[in-house]
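**Q** sequence unavailable; structure follows:
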């Protein structure tokens, strides 16, 4: 089936970090992967695969996607995480269960939270948090919530348009951290739909929240590694 938004973001972040020279452990429904290659015990449970990645001697970052319902009913499998994306999956699941699942992820996150500025639900569950912890994401640079956050000096990732060209723009503290023309990103060269743009904005924002510099992220975006173009494709595990 098609990848859900969380899964697409996880794969895009995996590729972005690997392009930046980081050895990444990715946990998907298909199993555990290290540096893009299958790894770990076969037929492992999600918990076993997670522990394998966390204990791997070469893995520098672990990336995984957990649906709100999984978080509510089963937890995150790992004790805590450094950063998390809080997104509305747009599913038909019970809204209160989804909210509770998002709150589980927030409580388990020690650092920054990357939030979908297009989602009233996602915004509502982070409204009482320390603003320093939040990064707002939207493909629409004119989105009211995003513009207000940007004006207040909050970190944002969005798509800016100038003279007919599109740019991936990351801001923080009122200053521009990076501005990369969409046309120079190989993974977006063939198709720059709003869905693909949003996926990459989340990956950029998460990498920034993890402490990568604007230069590192910009360089990684422009790096055309094999397989990168297939990151947000329609094959793979369902969310």
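**A** Noted; the coordinates are in hand. Not measured: the values here are computed from a predicted model.

**Q** my read: residue 121 touches residue 98, true?
**A** Yes - Residue 121 is within contact range of residue 98, at 6.9 Å (criterion: CB atoms under 8 Å). Every residue, glycine included, has its C-beta placed from N, CA and C.

**Q** secondary structure element for the spatially closest residue to residue 95 that is not a sequence neighbour?
**A** Nearest in space to residue 95, with sequence neighbours left out and distances taken as CB to CB, 6 or more residues apart in numbering, is residue 121 at 7.1 Å. Element membership of residue 121, judged by DSSP states H and E, is helix 120-126.

**Q** which elements pack onto the helix or strand just after that helix?
**A** Proceeding N to C from helix 120-126, the next assigned helix or strand is strand 134-138, under DSSP H and E. Contacts defined by 3 or more CB pairs under 8 Å, 6 or more residues apart in numbering; DSSP states H and E place strand 134-138 against strand 113-116, helix 144-151, strand 155-162, helix 194-209.

**Q** backbone dihedrals for the nearest residue to residue 61 once chain neighbours are set aside, both of them.
**A** Excluding the flanking residues, the one nearest residue 61 by CB to CB, 6+ apart is residue 24, at 5.2 Å. Here is the backbone geometry of residue 24 (degrees, to the nearest 10): phi -110, psi 140.

**Q** who has more neighbours out of residue 121 and residue 98?
**A** More crowded of residue 121 and residue 98, by other CB atoms under 10 Å: residue 98, with 22 against 17.

**Q** spatially nearest residue to that one, not counting backbone neighbours?
**A** Leaving aside its chain neighbours, residue 98 sits nearest to residue 68 (4.3 Å; criterion: CB to CB, 6+ apart).

**Q** one more: residue 59?
**A** residue 25 (4.0 Å).

**Q** could you do residue 126 as well?
**A** Spatial nearest neighbour of residue 126, excluding adjacent residues (CB to CB, 6+ apart): residue 115 at 5.4 Å.

**Q** check contacts around the one you found.
**A** Residue 115 sits next to 85, 86, 87, 122, 123, 126, 134, 135, 136, 137 when contact means CB atoms under 8 Å, 6 or more residues apart in numbering.

**Q** go again with 6 Å.
**A** 86, 122, 126, 134, 136 (CB atoms under 6 Å, 6 or more residues apart in numbering).
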